[in-house]
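Engineer: predicted coordinates and the sequence they were generated for:
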Amino acid sequence: MSHLLPLSRVAKLVGQPRHALQEMIRGGTLATFDGLVELDELLRVFPEVKWDDDAEFRRVQEIKDKAFAKRVLERALPDKDVLVARLNELGDDYAAAKALLLHYGNVMTWLDEKIDEIEEDTSAETRHALHTVRAFLLRNLAEVPPDAVLAQAAIAQERIFKIMSAHVTIQPSGHAFYVDGNDTLLEAALRNGVSLNYGCSNGNCGECKARVLSGEVKKVHAHDYVLKQSEKDAGVILLCAYAPVNEVVIEANVAGARDIPVQRMTAKVKSVEVFNPHMAALHILAPRSQRLRYLGGQSVDVSIDGMRGRYAIASCPCEDRHIEVQIPRRAGDALAETVFATLKANDTVEVVGPYGEFVLDEDSPRPVIFLAFGAGFAPIKSLIQHAMSLELAESMDLHWLADAAGHYQDNLCRAWADALDNFNYLPHAPTDDLDALLKRIVVDYPDLHRFDVYAAGSAAQLERARQYFVGEGLHGARWFAGAVDD
Ligand code: FES
């Protein structure tokens, strides 16, 4: 009887992104059966994985060690009802496996007796053959094959994952993610960059209604919004109040840029990070009760003491309450001057948005080139982080064409390149000859027709770049541009 594992679970077990495994499947180095990986195949392809180096066990131990920190414990472990349901399911699996083993044991005993019975009136030759079969069976039953220990460790790891997290697939979009700890379905979706519809996030508005197509969920937060009996019968739940017990498939709408309403909020400054005399990041903390809904690459209006400016968001929608905008210091820009000179933590800012449709095409599996001109790095940073959280692109190349502000987050880009084997960082020094630079860049992509390109900069820079990329084979429809002010 083979033990089959879904690809996403394999990715978690071996610590590799899903797209890397998909690449191995396409290349023929990892075999699958109906989209599932057999345990034997897993052990064969990843012999270097230390199955007994149980990071998840250690994490649980660390959590226990910090048990005095009640909030940590509450967040990291599943809700108690969910935990009980998952342990029950595990108990059922264990009981089924044990019953099957007992059955196999009985079959073996019966076989043994049958051989005795047949032996009595057969020829010496047949008796010898029966002896050989019995010896073979007994020897193999007594010997634990070397792979069995590894298989046991791998299955134990998988079981722990199943207790600590549950896999969720959203239909019809096909987005997939894990719900860890005591997150609700909505919290986990947002943490993974999946922009599901929601409003209040605390059970009042009903905007996060969705339908469970398969699997089991449990209510982990009370909600005031009342679901009709007919909705309950059809499997409708509130994503902000429920958590998955096991692998679930949910029918829910994933919002596009046009579906997200403009929101207004009064928020606090978390910090001002001045990179250099030309560029600063303003880190904003949304109120606990009102997280900002947006997609990577969109913009917001920020107002401080009556001064207002529109800025590309540089953070990831997966970042809970944190919103980052990057503010270039330009002559005569009073808001920028305030940010650089006087704004401090806990000051109040007004945020209105999001705006714009410079967002990822989440349906595209193509490799991506990101092109950031100067301060155009802000929306590109947001898009890259969003793509990372969604594990979207097969490969990502970032070309950052610096202006006077330089590559002010060079370390961050290098860290991405170090951490991800599908991410390349290619910084380009400021130049007066943009055409020569663009020519040099496109020459490195003889197969541009395979790519998506996301570019952010001034309108003039974007038009020049578009001509080079489309001229060298990029499909016009795969050019996505977001203009930022000069
Ligand atoms: S988001 Fe309002 S009820 Fe779930």
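Structural biologist: Happy to help now that I have it. This one's a predicted model, so the numbers in the text were calculated from it and none came from an experiment.

Engineer: which stretches of the stretch 251-400 of the chain form helices?
Structural biologist: Here the stretch 251-400 of the chain has its helices, by DSSP state H, counting those that start in this stretch, at 334-341, 377-390.

Engineer: max-length strand in this structure?
Structural biologist: Ranked by residue count, the top strand of the chain under DSSP state E comes out as strand 263-276.

Engineer: using CSV, list the CA coordinates for that one.
Structural biologist: Only the C-alpha atoms of strand 263-276 are listed here, as CSV (Å, rounded to 0.1, in the frame of the first residue of the first chain):
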residue,chain,number,x,y,z
GLN,A,263,-10.8,52.9,2.1
ARG,A,264,-10.0,55.8,4.5
MET,A,265,-8.2,55.5,7.7
THR,A,266,-6.4,57.5,10.4
ALA,A,267,-3.2,55.6,11.1
LYS,A,268,-0.1,56.0,13.2
VAL,A,269,3.5,56.5,12.0
LYS,A,270,5.5,53.4,13.0
SER,A,271,8.8,54.9,11.9
VAL,A,272,10.6,57.0,9.3
GLU,A,273,13.5,55.4,7.7
VAL,A,274,15.8,57.9,6.0
PHE,A,275,17.9,56.0,3.4
ASN,A,276,19.9,59.0,2.2
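
Engineer: who does it pair up with?
Structural biologist: Here strand 263-276 has these sheet partners by DSSP bridges: strand 279-285 (antiparallel), strand 348-355 (antiparallel).

Engineer: that strand near the ligand at all?
Structural biologist: No. Strand 263-276 stays clear of the ligand (CB under 6 Å from any ligand atom), getting no nearer than 13.2 Å. Bear in mind the C-beta positions are built from the backbone N, C-alpha and C, glycine included.

Engineer: what's next to that strand, contact-wise?
Structural biologist: Residues outside strand 263-276 that contact it (CB atoms under 8 Å, 6 or more residues apart in numbering): 280-287, 290, 292-293, 322-323, 339-340, 343-354, 405-406, 408-409.

Engineer: keep only these that also lie close to the ligand.
Structural biologist: Among the contacts of strand 263-276, proximity to the ligand is found for none (CB under 6 Å from any ligand atom).

Engineer: tell me the most buried of the helices of the stretch 251-400 of the chain?
Structural biologist: Across the helices of the stretch 251-400 of the chain, the average number of neighbours (mean count of other CB atoms under 10 Å) peaks for helix 377-390, which reaches a mean of 26.

Engineer: list the buried residues in stretch 203-210.
Structural biologist: Neighbour-count burial for stretch 203-210, counted by 16 or more other CB atoms under 10 Å, picks out Gly203, Cys205, Gly206, Cys208, Lys209, Ala210.

Engineer: okay if I get those residues as JSON lines plus secondary structure?
Structural biologist: Compiled in JSON lines, these are given as follows (DSSP: H, G, I helix; E, B strand; the rest coil):
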{"residue": "Gly203", "secondary structure": "coil"}
{"residue": "Cys205", "secondary structure": "coil"}
{"residue": "Gly206", "secondary structure": "coil"}
{"residue": "Cys208", "secondary structure": "coil"}
{"residue": "Lys209", "secondary structure": "strand"}
{"residue": "Ala210", "secondary structure": "strand"}
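
Engineer: out of the residues you listed, who's near the ligand?
Structural biologist: Subset of the buried residues of stretch 203-210 in contact with the ligand: Gly203, Cys205, Gly206, Cys208, counting by CB under 6 Å from any ligand atom.

Engineer: helix or strand right after the longest helix along the chain?
Structural biologist: Longest helix of the chain, by residue count under DSSP state H: helix 80-119. With elements assigned by DSSP states H and E, the helix or strand that comes after helix 80-119 is helix 124-142.

Engineer: now the helix or strand that that following helix is followed by: buried residues?
Structural biologist: Following helix 124-142 in sequence order, the next helix or strand is helix 146-164 (DSSP H and E). With burial defined by 16+ other CB under 10 Å, the residues of helix 146-164 counted as buried are Leu150, Ala151, Ala153, Ala154, Gln157, Glu158, Ile160, Phe161, Lys162, Ile163, Met164.

Engineer: of those residues, which is the nearest to Gly476?
Structural biologist: The nearest member of these to Gly476, counting by CB to CB, is Phe161 at 43.8 Å.

Engineer: skip the chain neighbours and tell me the closest residue to that closest one.
Structural biologist: Distance criterion CB to CB, 6 or more residues apart in numbering; nearest residue to Phe161, sequence neighbours excluded, is Lys12 at 5.8 Å.

Engineer: which of the helices or strands spans the one you found?
Structural biologist: Element membership for Lys12 (DSSP H and E) is helix 7-14.

Engineer: elements contacting the next helix or strand after that helix?
Structural biologist: Toward the C-terminal end, the helix or strand that comes next after helix 7-14 (DSSP H and E) is helix 18-27. Counting contacts by 3 or more CB pairs under 8 Å, 6 or more residues apart in numbering; DSSP states H and E, helix 18-27 packs against helix 7-14.

Engineer: distance from the helix it packs on to the middle of the chain?
Structural biologist: 12 Å (CA atoms, centre = their mean, to the nearest Å).

Engineer: which ones are touching the residue in the stretch 351-486 of the chain that the ligand sits nearest to?
Structural biologist: Using CB to the nearest ligand atom, Pro354 is the residue of the stretch 351-486 of the chain that sits closest to the ligand, at 17.6 Å. Applying CB under 8 Å, 6+ apart, we find Pro354 in contact with Ala257, Ile260, Val262, Gln263, Leu292, Arg293, Tyr294, Leu295, Gln298, Ser299, Val300, Ile313.

Engineer: would TSV of those residues with pLDDT and neighbour count be doable?
Structural biologist: Below are these laid out as TSV (pLDDT from 0 to 100; neighbours: other CB atoms under 10 Å):
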residue	pLDDT	neighbour count
Ala257	83	17
Ile260	90	20
Val262	94	11
Gln263	93	16
Leu292	91	24
Arg293	91	22
Tyr294	93	26
Leu295	93	25
Gln298	96	24
Ser299	96	22
Val300	96	24
Ile313	96	29
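
Engineer: done for today, thanks.
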